[in-house]
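Chemist: I need the structure of the sequence given here:
(chains A, B, C and D)
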Protein chains: 2
Amino acid sequence: MNMNSNVAKVASLVSEPSRAAILTALLDGRYHTVNELAHMARIKPQTASFHLKKMLDAQVVSAEKQGRHRYYGIMNQEVAQVMESFLSIAPAAEIKSFKHASEDKAIRLARTCYDHLAGNLGVQITESLKRKGFIAEENDTYSVTEEGIAFFHSIQIDLTSLKKKRRSFSHKCLDWSERRHHLAGALGNAILEKFLERNWIQRIPKTRAIQITPQGMKGFKEIFAIDMDRINKNGSHTF
Amino acid sequence: MNMNSNVAKVASLVSEPSRAAILTALLDGRYHTVNELAHMARIKPQTASFHLKKMLDAQVVSAEKQGRHRYYGIMNQEVAQVMESFLSIAPAAEIKSFKHASEDKAIRLARTCYDHLAGNLGVQITESLKRKGFIAEENDTYSVTEEGIAFFHSIQIDLTSLKKKRRSFSHKCLDWSERRHHLAGALGNAILEKFLERNWIQRIPKTRAIQITPQGMKGFKEIFAIDMDRINKNGSHTF
DNA sequence: TAAATATTTCAATTATCATCGAAATATGGA
DNA sequence: TCCATATTTCGATGATAATTGAAATATTTA
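Modeler: Sure, this is the predicted structure:
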């Protein structure tokens, strides 16, 4: 509510080096596990857990559980801004980055999550929809805007029939490889089905990985302004 | 050894009560001595000195030595803004104000400092010149802007001849009664001489104090938008 | 079910830091 | 020169809080 109360809270929490390191790491906007954050801040997981609990209580970070992992992220934009204001007068040293253990690149690039798109492609689609103002973020869900209704109609996705289904229409799903949210629910499923139907993507047998076809590359660029080819080559997944 | 220790360092400066009190005191934009700041923060001078050294290292405050005093002030506007965003919400313990030992009011209002104007009048003139964009602050000096050249010409001060003199053209001088900088150097001297010449001010014999004449009151109001009469009555020197 | 991994809780240790007395240093004034 | 004042440095103390090993809990995988 009050931005100022956050300011005071963050101030007291940032003053400790380990917490500052954790928060700086989280400024990438993504979610990270306790072990990762401990590694980045060069402390043991217990210590990181101790600090994260404090920051969770103070509502400076948010947590989301998924399996045996617990993903932590910056609470909101206000907190990030306070951190940035610090960085403006005390430029931060770089954060020690590390590479993930060798994991399948394909599954990070694009995959299914239950019945919707995930991985870099899933997140990029979601970001594109937000950027173009077709969907808007709510608490745990996305809502479709007036422009969005027209857009989904133009790509032959019928929203009214989707809303009749006995399942969540559209909710946020945390992406483990991207550490950002992507679009899930009936709408997410409809988008996946539509891309498969148009042959923009193909399932790779025996895995959850998705293959982007040449038509897909073209379509994602034209309709969503996403260049998956460039992303693929850059290998934006080492951090 | 933590990577982001600088962020933590700056943040810790605000979150510690004594330092917060000192910084709050300095947010008036003026310079204060160690003893004053210690008194305001209700700590011993040693402790204040300890904190001020830390903040000096972190480039959050600046120091200026003058005789056996050392004046501390906020480093810059950027720091002040960040501090204010914190302190406006969580104000540290109230600052104990105190009156200076009874000192001559006249000498605080207006006096000469070597060969230029000091005291409230000197500072006000300097602030007015800055506000109107006639002079601009450099590191330790003031520079005259394009508009300033025209202005000084209009009041019959010849800048080119001043620059030929073998002395500092225009430098900052810390005012002990106002705790702010005023304009010194050849330009400061020329301004003093001009005011004397126009009979806006008169020297009070045997002291460094300056008397403002009725013409001066009028002139300062018209040309510099300074109401010395009001300032005189309000007695803005108790703090 | 058992083993492996991720995270948290607990308790004990350790490190940090503000504080202030005492003493050193620097400066101004008589 | 001597004395008063302003400030800093040093060293000791005490309070607070970070850290981590050990153990508990939870969850996935085989």
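Chemist: can you give me the helices for chain A?
Modeler: Shown for chain A, the helices assigned by DSSP state H span residues A:3-14, A:17-26, A:34-41, A:45-57, A:77-89, A:105-109, A:119-131, A:146-154, A:159-164, A:185-197, A:214-224, A:228-234.
Chemist: Name the stretch among those helices that sits most buried.
Modeler: With neighbours defined as mean count of other C-beta atoms under 10 Å in any protein chain shown, the helices of chain A peak in mean count at helix A:17-26, which reaches a mean of 25. Every residue, glycine included, has its C-beta placed from N, CA and C.
Chemist: if I look at the residue nearest to the spatial centre of chain A, how far off is A:Glu64?
Modeler: With distances taken as C-alpha atoms, centre = their mean, A:Arg180 lies nearest the centre of chain A, 0.9 Å away. Using C-beta to C-beta, to the nearest Å, one gets 12 Å for the distance from A:Arg180 to A:Glu64.
Chemist: Can you tell me the closest non-neighbouring residue to A:Lys65?
Modeler: With sequence-adjacent residues excluded and distances taken as C-beta to C-beta, 6 or more residues apart in numbering or on different chains, A:Lys65 is closest to A:Tyr71, at 7.6 Å.
Chemist: per-residue confidence for the residue lying farthest from the centre of chain A?
Modeler: For chain A, the C-alpha farthest from the mean C-alpha position belongs to A:Ile89; by C-alpha atoms, centre = their mean, that distance is 28.9 Å. Looking at A:Ile89, its pLDDT stands at 72.
Chemist: In contact with it: list those residues for me.
Modeler: Listed by C-beta atoms under 8 Å, 6 or more residues apart in numbering or on different chains, the contact partners of A:Ile89 are B:Val10, B:Val60, B:Glu78, B:Val79, B:Val82.
Chemist: Now with 10 Å, please.
Modeler: Listed by C-beta atoms under 10 Å, 6 or more residues apart in numbering or on different chains, the contact partners of A:Ile89 are B:6-7, B:10, B:58-60, B:75-76, B:78-79, B:81-83.
Chemist: and which of those residues is nearest to A:Glu197?
Modeler: Checking the contacts of A:Ile89 against A:Glu197 with C-beta to C-beta, the nearest one is B:Val7 at 49.5 Å.
Chemist: Skipping its backbone neighbours, what lies nearest the closest one in space?
Modeler: Of all residues apart from its sequence neighbours, A:Ala20 sits closest to B:Val7 (C-beta to C-beta, 6+ apart), at 4.6 Å.
Chemist: repeat for A:Ile149
Modeler: Sequence neighbours aside, A:Leu159 is the residue nearest to A:Ile149 in space, at 6.3 Å (criterion: C-beta to C-beta, 6+ apart).
Chemist: isn't A:Phe134 right next to A:Val144, touching?
Modeler: Yes. A:Phe134 is in contact with A:Val144 according to C-beta atoms under 10 Å; the separation is 6.9 Å.
Chemist: can I assume A:Met217 is in contact with A:Gln211?
Modeler: No. With contacts defined as C-beta under 10 Å, A:Met217 does not count as touching A:Gln211, sitting 11.0 Å away.
Chemist: ok, now which ones touch the residue nearest to the centre of chain A?
Modeler: With contacts defined as C-beta under 10 Å, 6+ apart, the neighbours of A:Arg180 are A:28-31, A:73, A:120, A:122-124, A:126-127, A:172, A:174.
Chemist: That one and chain B, how far apart?
Modeler: From A:Arg180 across to chain B, the span is 23 Å (C-beta to the nearest C-beta, to the nearest Å).
Chemist: for A:Thr160, same thing?
Modeler: Using C-beta to the nearest C-beta, one obtains 47 Å as the distance from A:Thr160 to chain B.
Chemist: That residue: what's it in contact with?
Modeler: A:Ile149.
Chemist: average pLDDT for stretch A:72-82?
Modeler: When pLDDT is averaged over stretch A:72-82, the result is 80.
Chemist: before we move on, what about stretch A:44-53?
Modeler: For stretch A:44-53, the mean pLDDT works out to 97.
Chemist: Show me the domain layout of chain A.
Modeler: According to automatic domain parsing, chain A comprises the domains A:3-89, A:105-234.
Chemist: Show me the one of the ones you listed that comes nearest B:Phe151.
Modeler: It's domain A:3-89; of these, that one is closest to B:Phe151 (C-beta to C-beta) at 34.4 Å.
Chemist: does the closest one come close to DNA strand C?
Modeler: Yes. Residues of domain A:3-89 are located near DNA strand C by C-beta under 7 Å from any atom of the strand, namely A:33-35, A:45-46, A:48-50, A:52-53, A:63, A:68-71.
Chemist: And that domain, how far out from the chain middle?
Modeler: Taking C-alpha atoms, centre = their mean, to the nearest Å, the mean C-alpha location of domain A:3-89 is offset from the chain mean by 16 Å.
Chemist: picking that back up, common neighbours of A:Arg180 and A:Glu64, please.
Modeler: Common neighbours of A:Arg180 and A:Glu64 (C-beta under 10 Å, 6+ apart) are A:Tyr31, A:Gly73, A:Lys172, A:Leu174.
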